[in-house]
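> sequence-free structure coming up:
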């Protein structure tokens, strides 16, 4: 470095020699200029580290467990299945279609179900006709009618069967009447016989009365010896014959009366046997009616189930049947209906390592992924349910605990345009506590040191 000397006027500038004192002063000046920014930077760094250290040691940070989930109804999805299966006749819905409770979803081919139900119903009607005929037999009525006969008016086969049962009723009643009339005729004949014997006895009584008078007269004559003893004995023999005839007639009357009682007993037995047979047949028919009604109810239920309806108001998802004519296997899932008016919740999967930190009632911060571009603050909810056991996912080959998080309607109202829809993905952070940044950074080191001192 050179310094121009300007002390002599009128002369040109001449380099001057630099002395040692000048060099020292320049060096000190240069060093001072260099230390200023360095000291400022060091001071700023110290201040930053100090402030960060104080903040890291004192400022609380929320700690939490992360989980991914999907928005769904509070109640589970309704899986639509069919017990017997069948062939699709009409497909009433499509994927993601909104349906009402009771609305038809799929109609299956019903030819076999209708044929089975019709056969059972026809057999049931025949049994009802038989029961009505038996009731008429028991009550002694000459005819009967089928209950609610108007609904069978167009059924020719049932009309013919009813006519045959009416003929059977008439035949059986005629046979019973004929046998009863035979017995009544026998009783009448026996009564006539008794009456004839009674008339004969009346004649015998008159003869015996006259014979007694004659014998009294002859007895007086015999005492006067006006007649012989043989004549009187002849009258006695005639009286004995009359008495014997009357005794025989009395026995005949007793036998006839006994026969009348026997015939009447036969009539009672005939009636009892007739009624017992009717009662036995009625019991059998009633049992068959009970059995056929069970089968008819089953067939009717199968026929009714050929129209598959929605159990709730909801949205159709996972529709498996795509075209008419397709085959639905028994008990195979056909589709799912997500309840529409049900409360929406977030069903999340919690990692097993976090299960010890998460309990019911903890705060949960929900970020709905479809609204991530709007930079919305997370929804504040709460954990309402945590599964007691883990579940294995075949797809990811991992275990997880199912957890349910509920967001209140008031919380949703704070976020305009934000809503919960079934199937919407979400990230969930469960607030499990607070700790400082320093504790967070030191945790791995503390864990390593702790493990290092574990004695094996």
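That came through fine. Keep in mind that this is a model prediction, so the values were computed, not measured. Residues are numbered from 1 along each chain as shown.
> beta-bridge partners for residue 402, please?
Per DSSP bridges, residues listed as beta-bridge partners of residue 402: residue 349.
> those helices in the stretch 51-200 of the chain, which residues are they?
In order along the chain, the stretch 51-200 of the chain carries the following helices (DSSP state H, counting those that start in this stretch): 111-139, 156-223.
> most tightly surrounded among those helices?
Each of the helices of the stretch 51-200 of the chain was assessed for mean neighbour count using mean count of other CB atoms under 10 Å. The highest is helix 111-139, with a mean of 18. C-betas here are computed from N, CA, C, even on glycine.
> name the helices or strands packed onto that one?
Other helices and strands packing on helix 111-139, by 3 or more CB pairs under 8 Å, 6 or more residues apart in numbering; DSSP states H and E, are helix 156-223, helix 229-304.
> what about residue 305, distance to residue 117?
When CB to CB, to the nearest Å is the yardstick, residue 305 and residue 117 sit 12 Å from each other.
> I'd say residue 186 and residue 263 touch.
Yes. Under the criterion of CB atoms under 8 Å, residue 186 makes contact with residue 263 at 4.8 Å.
> between the helices of the stretch 51-200 of the chain, which gets the lowest average pLDDT?
Ranked by mean pLDDT, these end with helix 156-223 at the bottom, a mean of 88.
> I'd guess residue 392 is in a strand, am I close?
Yes. For residue 392, which was evaluated using DSSP: H, G, I helix; E, B strand; the rest coil, the result is membership in a strand.
> mind checking pLDDT for it?
Residue 392 carries a pLDDT value of 93.
> got it, and residue 445?
Reading off the per-residue confidence, residue 445 sits at a pLDDT of 59.
> can you start the count at 651 instead of 1 from here on
Let's use 651 as the start, then, which means that last one is residue 1095.
> so the closest residue to residue 1057 other than its chain neighbours is in which element?
When the adjacent residues along the chain are set aside, residue 1057 lies closest to residue 1031, with 3.9 Å between them (CB to CB, 6 or more residues apart in numbering). Here residue 1031 sits within strand 1029-1036, counting by DSSP states H and E.
> so what secondary structure elements neighbour that strand?
Contacts defined by 3+ CB pairs under 8 Å, 6+ apart place strand 1029-1036 against strand 994-1000, strand 1013-1018, strand 1048-1056, helix 1059-1063.
> residue 1073 is nearest to which of these?
Proximity to residue 1073, assessed across the helices and strands packed on strand 1029-1036 by CB to CB, is greatest for strand 994-1000 (10.5 Å).
> any idea of the mean pLDDT in the closest one?
Confidence over strand 994-1000, taken as the mean pLDDT, stands at 91.
> could you give the angle of it to strand 1013-1018?
Between strand 994-1000 and strand 1013-1018, the angle comes out at 100 degrees (axes from the mean of the first three to the mean of the last three CA atoms, to 10 degrees).
> still on that earlier bit, quick one: closest of the helices and strands packed on helix 761-789 to residue 736.
Closest to residue 736 of the helices and strands packed on helix 761-789, according to CB to CB: helix 879-954, at 9.4 Å.
> strand partners of the helix or strand just after that closest one, parallel vs antiparallel please.
Scanning forward in sequence from helix 879-954 by DSSP H and E, the next helix or strand is strand 957-959. Each strand pairing with strand 957-959, determined using DSSP bridges, is listed with its direction: strand 754-758 (antiparallel).
> and residue 921, how far from residue 1006?
Noted for residue 921: a distance of 87 Å to residue 1006, by CB to CB.
> tell me which of those two has more neighbours.
Neighbours per residue, other CB atoms under 10 Å: of residue 921 and residue 1006, the larger number sits with residue 921, 13 against 9.
> what sits against that one?
Residue 921 makes contacts with 826, 830, as judged by CB atoms under 8 Å, 6 or more residues apart in numbering.
> can you lay out the helices and strands packed on helix 761-789 as a markdown table showing distance to residue 985?
Converted to a markdown table, the helices and strands packed on helix 761-789 look like this (distance: least, CB to CB, whole Å):
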| stretch | distance to residue 985 |
| --- | --- |
| helix 806-873 | 41 |
| helix 879-954 | 19 |
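> out of those helices, which comes closest to residue 1065?
Between the helices and strands packed on helix 761-789, helix 879-954 lies closest to residue 1065; by CB to CB that is 46.0 Å.
> quick one: mean pLDDT for the closest one?
Averaged across helix 879-954, the pLDDT comes to 91.
> off-centre distance for it?
Taking CA atoms, centre = their mean, to the nearest Å, the mean C-alpha location of helix 879-954 is offset from the chain mean by 57 Å.
> now swap in stretch 719-734 and tell me
In terms of CA atoms, centre = their mean, the centre of stretch 719-734 is set 16 Å apart from its chain centre.
> got the helices of the stretch 701-850 of the chain as JSON lines, with distance to residue 951 columns?
JSON lines is the format used below for the helices of the stretch 701-850 of the chain (distance: least, CB to CB, whole Å):
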{"stretch": "helix 761-789", "distance to residue 951": "9"}
{"stretch": "helix 806-873", "distance to residue 951": "24"}
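> so which of the ones you listed gets nearest residue 1044?
Proximity to residue 1044 (CB to CB) singles out helix 761-789 among the helices of the stretch 701-850 of the chain, at 37.2 Å.
> that closest one vs helix 806-873, what angle?
Relative orientation of helix 761-789 and helix 806-873, computed by the same axes, to 10 degrees: 20 degrees.
> now do helix 761-789 against helix 879-954, angle only.
Angle of helix 761-789 versus helix 879-954, following the same axes, to 10 degrees, is 160 degrees.
> residues in contact with the nearest residue in space to residue 812 that is not next to it in sequence?
Of all residues not flanking residue 812 in the chain, residue 779 sits nearest, at 5.4 Å (CB to CB, 6+ apart). Residues touching residue 779, when contacts are defined by CB under 8 Å, 6+ apart, comprise 796, 808, 811-812, 815.
> tell me the one of these nearest residue 998?
After measuring the contacts of residue 779 against residue 998 - CB to CB - the closest member comes out as residue 808, at 63.1 Å.
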